[in-house]
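Undergrad: sequence plus predicted model, see below.
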Amino acid sequence: MRFHGTLYRALNPIYAREPMSGRGAEIYGGRFNRKGVPALYLSLSVMTALREANQVGSLQPTTLVSYEAHIEHVFDTRDGAALKSEGMNPSTLADPTWRDQMKATGEAKTQTFARRLAMAGYHGLLVKSFAPGAGEDDFNLVLWTWSDTPPSRLTLIDDENRLSR
């Protein structure tokens with residue numbers, strides 16, 4: 001599928017000056033990227049982005065940014081047949097033990113799935129949010145490939161250059 005639209009990300013202020021880097025995910029690993037692999041975890045709504053960034057405890061200081069996205073090759077996890085053809089299912093996507101798997105084997109099942117998709121030419125995947133409080137309509141777009149040019153164009157919306165100040 002293609003994704004064209006606005007995406008949101010709630011950043012730890014430590015990374016606010018690098019909103020295009022994917023560095024945090026690269027350092028720590030994420031549900032859909034192993035350590036050492038940069039990824040951008042973006043949300044389709046502001047509230048989903050805030051939930052994703054503040055999953056533990058009270059709301060912490062957060063920098064909210066938005067992007068205009070034109071991503072051509074996105075795997076849509078809502079397509080059950082496509083998901084099954086890739087050897088994946090919704091319960092494995094949602095499995096909260098992915099961090100334990102990563103520690104035990106070096107790569108969680110969801111990270112292996114994502115690595116295979118990236119090798120097959122997908123720039124990212126559309127997936128339900130698993131953050132506490134997320135509803136059935138809360139989705140994220142996880143990108144492994146992005147740039148300022150097609151076919152995976154992602155543009156930070158900062159017309160007033162606020163992040164450079």
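TA: Yep, it's here. Numbering: from 1, shown residues only.
Undergrad: quick one: contacts for the nearest residue to Lys35 once chain neighbours are set aside?
TA: Nearest residue to Lys35, sequence neighbours excluded (Cβ to Cβ, 6 or more residues apart in numbering): Gly29, at 4.0 Å. Glycine gets a C-beta too; all of them are placed from N, C-alpha and C. By Cβ atoms under 8 Å, 6 or more residues apart in numbering, the contact list for Gly29 reads Lys35, Gly36, Val37, Met102, Gln111.
Undergrad: ok, Ser129 next?
TA: Ser43, Thr48, Arg51, Glu52, Asp138, Phe139, Asn140.
Undergrad: okay, it and Asp148: tell me how far apart.
TA: Ser129 sits at a distance of 26 Å from Asp148 (criterion: Cβ to Cβ, to the nearest Å).
Undergrad: so what's Ala69 bridging to?
TA: Ala69 forms beta bridges with Gly5, Leu154, as assigned by DSSP bridges.
Undergrad: what is the burial count for it?
TA: Residues within reach of Ala69, counting by other Cβ atoms under 10 Å, total 24.
Undergrad: test my guess that it contacts Leu42.
TA: Yes - the criterion here is Cβ atoms under 8 Å, and Ala69 meets it with Leu42 at 7.4 Å.
Undergrad: overlap of the contact sets of these two?
TA: In contact with both Ala69 and Leu42: Leu7, Leu141, using Cβ under 8 Å, 6+ apart.
Undergrad: so which of the contacts of Gly29 is the most crowded?
TA: Once you tally neighbours by other Cβ under 10 Å, Gln111 ends up highest among the contacts of Gly29, having 23 neighbours.
Undergrad: check that residue and give its pLDDT.
TA: Looking at Gln111, its pLDDT reads 98.
Undergrad: residues contacting it?
TA: Residues in contact with Gln111 (Cβ under 8 Å, 6+ apart) are Gly29, Arg31, Phe32, Asn33, Arg34, Trp98, Met102.
Undergrad: next: Pro132.
TA: Taking Cβ under 8 Å, 6+ apart, one finds Arg51, Gln55 in contact with Pro132.
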